[in-house]
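In: Could you work out the structure for the sequence below:
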Amino acid sequence: MPFLGKDWRSPGWSWTKTEHGWKRIFLYGHELDDNREIDLKGLCNDNNENLFVGDVCELATTKRKKDLDNNNTKSQFIFVDKWICVHNRSTKERHVYSTLGEALNRLDFSSAIQDLRRFNYVAKLFQLIARSQLTSLSGAAQKNYFNILEKIVRKVLDDHYNPRLVKDLLQDLSLTLHNLTIHFGRCVLVGNVNIWLCRLETIHKWKQQVNNLQIPEQMCDGMTFNDLPLHMQNKILCELSDAYDIINVGQAMPALHSLSEDRILWRKLCHFHFSDKQFCRDLVLSNSEKVDWKLMFFTLKKHYPMKEQYGDTLHFCKNCNILFWKDPHLALLFKDCGHPCTANDPDSCLIPISPQHFIDLFKS
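Out: Okay, the predicted model is just below:
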């Protein structure tokens, strides 16, 4: 079988091929073969690559690049491949494993937030990371996390898209950082505690900007929502899976208040998010002995998790153990499954990954 790990001959050393096999080149003039020494003139020749100097220069260049990335807080991690192979443990053939921070750097979340189908998914994922996984990220991954978070806030301020979700994200992140910096200190955070205090101030500033966001009234000369027939308005409200969106529609216009209080609408919403078993345990009746479906929904919401719905999610290939973004346009035009899959039928091996499932993939 092919060897999938790093070079077993200790990567980073210089090797040369001889008639007896591969021999390592030593820096202190040891012999490569019996009665044969290293030709230093040949190694220093301009036509040949200087193995020793090349290794030193490569290490120095890598170190300078790493220092530059660490000092530049706006640096982004750019990878040609928009997928990551998930390995939770090392084996004899593969001495590597994947982390949550590596996935955060490798997967293109900066471009994902520009897609409205993926925005809610990324925001929810970042909220879960802020609640429990922030300290598990490396220093570079934490920088990348806050860079992408800044883009999320900027998109909400510019496009006025789903500010309530970002408010909850900033609130959870602010609470987590406050507990870590005040109660625990620098022992659980990567970097100076003063840097985290500055980030905490930045988050509070973002929260104020989002809270003070004023969505301007759009002037439209064409058909509006009020111009639609009553049954079409009701059908549109039935397609909303968020209860707060339904309440906000009812508060926007007095004519829509009665539609937002419709019993059938809230009954469908309850059946969408919860099961029949949960209904039997927490049945809420009104004064007329009828089920108050709106009150029923918020009662069930306190005890059970709601069904999550996203326009697009990350996908996981069970055959390759690869996590990736699936582009439906490339899949239709070029039959590109989004990653180098070896299965005969790649679509049968794909499963959508929820934000919580994404976190669980990298738990040891």
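
In: Low-confidence ranges, the stretch 1-150 of the chain, go.
Out: For the stretch 1-150 of the chain, the stretches with pLDDT under 70 are 1-13, 26-81, 88-97.

In: now with 90?
Out: 1-108, 110-112, 114-116, 132-143 (pLDDT under 90).

In: how many neighbours does residue 83 have?
Out: 23 (other Cβ atoms under 10 Å). All C-beta atoms are positioned from the backbone trio N, CA, C, and that covers glycine.

In: who touches the closest residue to it other than its chain neighbours in this structure?
Out: Among residues not flanking residue 83 along the chain, residue 324 sits closest, at 3.5 Å (Cβ to Cβ, 6 or more residues apart in numbering). When contacts are counted by Cβ atoms under 8 Å, 6 or more residues apart in numbering, residue 324 touches 82, 83, 84, 107, 314, 315, 317, 338, 339.

In: switch to 10 Å and redo it
Out: Residues near residue 324 by Cβ atoms under 10 Å, 6 or more residues apart in numbering: 81-85, 106-108, 314-317, 337-341, 350, 353.

In: Residue 269 now?
Out: 237, 238, 240, 241, 242, 243, 246, 293, 294, 296, 297, 306.

In: Go ahead and list the helix or strand containing it.
Out: helix 263-273 (DSSP states H and E).

In: List the buried residues in that helix.
Out: Neighbour-count burial for helix 263-273, counted by 16 or more other Cβ atoms under 10 Å, picks out 265, 266, 268, 269, 270, 273.

In: pLDDT value on the third one, please?
Out: Think residue 268. According to the prediction, residue 268 has pLDDT 89.

In: Was I right to think it contacts residue 274?
Out: No. With contact defined as Cβ atoms under 10 Å, residue 268 does not reach residue 274; the gap is 11.5 Å.

In: For the helix holding residue 269, list the C-alpha coordinates in CSV.
Out: Written as CSV, here are the backbone C-alpha positions of helix 263-273 (Å, rounded to 0.1, in the frame of the first residue of the first chain):
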residue,chain,number,x,y,z
ARG,A,263,-52.7,28.7,15.5
ILE,A,264,-52.1,26.6,12.4
LEU,A,265,-48.8,28.5,11.8
TRP,A,266,-47.5,27.8,15.3
ARG,A,267,-48.7,24.2,15.1
LYS,A,268,-46.6,23.6,12.0
LEU,A,269,-43.6,25.3,13.6
CYS,A,270,-43.9,23.0,16.6
HIS,A,271,-44.1,19.8,14.5
PHE,A,272,-41.1,21.0,12.4
HIS,A,273,-38.8,21.4,15.4
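
In: roughly how far is that helix from the heart of the chain?
Out: Here helix 263-273 is found 31 Å from its chain centre; the criterion is Cα atoms, centre = their mean, to the nearest Å.

In: Likewise for stretch 214-232?
Out: For stretch 214-232, the separation from the chain centroid amounts to 35 Å (computed by Cα atoms, centre = their mean).

In: Which is the succeeding secondary structure element to whichever strand or helix holds residue 105?
Out: Per DSSP H and E: residue 105 is located in helix 100-106. Later in the chain than helix 100-106, the nearest helix or strand by DSSP H and E is helix 109-112.

In: buried sites along that following helix?
Out: 109, 110, 112.

In: again, but for stretch 147-161
Out: So stretch 147-161, judged by 16+ other Cβ under 10 Å, has buried residues 147, 148, 149, 151, 152, 153, 155, 156, 157, 161.

In: List the residues that contact residue 208.
Out: Contacts of residue 208 by Cβ under 10 Å, 6+ apart are residue 170.

In: Let's see that with 7 Å instead.
Out: If you count contacts by Cβ atoms under 7 Å, 6 or more residues apart in numbering, residue 208 has none.

In: What pLDDT is listed against residue 294?
Out: pLDDT, read off for residue 294, is 85.

In: gap between it and residue 14?
Out: Separation of residue 294 from residue 14 (Cβ to Cβ, to the nearest Å): 72 Å.

In: Report the separation between residue 342 and residue 314.
Out: 20 Å.

In: With neighbour numbers in mind, choose between those two.
Out: Applying other Cβ under 10 Å to residue 342 and residue 314 shows that residue 314 carries more neighbours, namely 27 against 9.

In: Check whether that one really touches residue 358, as I assumed.
Out: Yes. When contacts are counted by Cβ atoms under 7 Å, residue 314 is listed as touching residue 358 (6.3 Å).

In: which ones among the contacts of residue 324 are found in strands?
Out: Under the assignment DSSP state E, these contribute 83, 84, 85, 314, 315, 316, 317, 350, 353 to strands.
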